[in-house]
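Visitor: return atomic coordinates for the entry below.
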Amino acid sequence: MPDMSTIDPSVLFCLFRGEPGTRKSSSALSFPKPIYYFDFDGKMEALGLPLRAWSINPKDVQFDSYTDWNSAKKKLELFQLNCSFKTIVIDSITSCADAINRQTLKIKGKDGGGKTIASIPVNSIEDFNAEDSALKELIALLKDIKSFHKINVILVAHVIQKEMKTADGKTHMSRVIVTAGKGIAQKIPAYCGEIYHFNIKTDFDITKGGQYACLTVHTGDDMARSSLPVPAEIVFGNDPLYDKWILPAINKMKEQPIPITKIG
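Guide: Numbers count the residues shown, from 1 in each chain. Model prediction:
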């Protein structure tokens with residue numbers, strides 16, 4: 001059986017969560033190349049500026065745009081057998097969930113089933129079970145690819161602000177991952193070793209450029225965690241997240257191996 005000495009700190013399973021426009025996708029671009037994007041959002045052109053700013057060879061960033069779950073699953077199953085990429089990005093979990101639900105609507109419509117309102121097909125409760133099942137399969141396939149090929153995986157997820165209640169009945173505002181079904185959204189972070197919450201610092205000055213940042217520790221309102229010695233808050237601005245903060249932390253982990261002590 002494996003022990004902790006077999007753990008490679010350079011192989012990461014990440015969740016980049018935050019509101020749109022907080023540079024989650026472009027931060028994923030800073031990870032080791034070549035990179036493959038599962039483009040569910042349909043906005044790969046947004047990576048053009050960081051690609052040029054960081055002098056990245058565009059040939060090292062490949063993608064396919066997906067509008068359904070079956071084609072993405074087929075690609076993931078191919079990657080299980082053969083994957084030449086060093087980083088895989090799911091961009092985004094939120095749009096992937098939408099693609100799953102659109103697929104259920106289309107197939108049910110062809111079969112003459114499904115619910116409609118004013119002639120518009122709408123999802124029903126059983127469709128959200130399909131979403132839950134497909135997203136669990138997505139995580140399982142990605143875990144297998146990461147483990148077998150020793151590559152990085154990044155899940156990009158959008159969040160929405162929601163009122164949450166604590167055990168003592170008090171309420172507070174928290175930002176949670178957006179998917180149609182509530183259950184799977186809450187389970188996804190449990191599978192991720194690195195969870196970074198992306199935001200813009202409140203002292204943002206539009207005349208001086210963006211003070212983009214990410215949290216790596218849980219604040220109570222925003223979920224985050226890291227297994228690396230990175231700062232609790234990384235203010236990365238326009239700099240590549242991986243090169244300036246994550247890689248040095250990985251190297252520090254490798255330089256300080258876990259001490260082996262004898263008992264007795």
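Visitor: CA atoms for contacts and neighbours, from now on please.
Guide: Noted.
Visitor: which parts of the longest helix anywhere in the chain are buried?
Guide: In the chain, with assignment by DSSP state H, the single longest helix is helix 125-149. By 16 or more other Cα atoms under 10 Å, the buried positions in helix 125-149 come out as 127-128, 130-132, 134-135, 138, 141-143, 145-146, 149.
Visitor: repeat for stretch 223-235
Guide: Buried-residue list, stretch 223-235, by 16+ other Cα under 10 Å: 223-226, 228, 230, 232, 234-235.
Visitor: nearest to Ser84 among those residues?
Guide: Leu228 (25.4 Å; Cα to Cα).
Visitor: find the nearest non-adjacent residue to that closest one, please.
Guide: In space, and not counting its chain neighbours, Leu228 is closest to Ala249: 5.9 Å by Cα to Cα, 6 or more residues apart in numbering.
Visitor: now do the contacts for the one you found.
Guide: 228-230 (Cα atoms under 8 Å, 6 or more residues apart in numbering).
Visitor: so which of those sit within strands?
Guide: Cross-referencing these against strands under DSSP state E gives no overlap.
Visitor: okay, the buried residues of helix 125-149 in TSV with distance to Ile100 and pLDDT next?
Guide: Output for the buried residues of helix 125-149, formatted as TSV (distance: Cα to Cα, whole Å; pLDDT from 0 to 100):
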residue	distance to Ile100	pLDDT
Asp127	9	58
Phe128	9	63
Ala130	8	76
Glu131	6	78
Asp132	9	81
Ala134	7	86
Leu135	9	88
Leu138	11	94
Leu141	16	97
Leu142	17	97
Lys143	20	96
Ile145	21	97
Lys146	23	97
His149	26	97
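Visitor: from these, which is closest to Phe16?
Guide: Distances from Phe16 to the buried residues of helix 125-149, taken by Cα to Cα, are shortest for Leu142, at 15.3 Å.
Visitor: let's see the pLDDT reported for Ile184.
Guide: Looking at Ile184, its pLDDT is 66.
Visitor: can you give me the strands for this structure?
Guide: Assigned by DSSP E, the chain shows strands spanning 13-18, 35-39, 61-65, 87-91, 115-117, 120-122, 152-165, 171-177, 194-200, 212-215, 233-235.
Visitor: ok, of these, where does mean pLDDT dip lowest?
Guide: Among the strands of the chain, strand 171-177 carries the lowest mean pLDDT (a mean of 54).
Visitor: which stretches of the stretch 1-150 of the chain have low pLDDT?
Guide: For the stretch 1-150 of the chain, residues meeting the criterion pLDDT under 70 lie at 107-128.
Visitor: one more pass at 80, please.
Guide: For the stretch 1-150 of the chain, applying pLDDT under 80 flags the ranges 2, 5, 101, 104-131.
Visitor: please compute how far the longest helix of the chain lies from its chain's middle.
Guide: 13 Å (Cα atoms, centre = their mean, to the nearest Å).
Visitor: returning to what we had before: need the pLDDT of the residue nearest to Leu228.
Guide: pLDDT at Ala249 comes out at 96.
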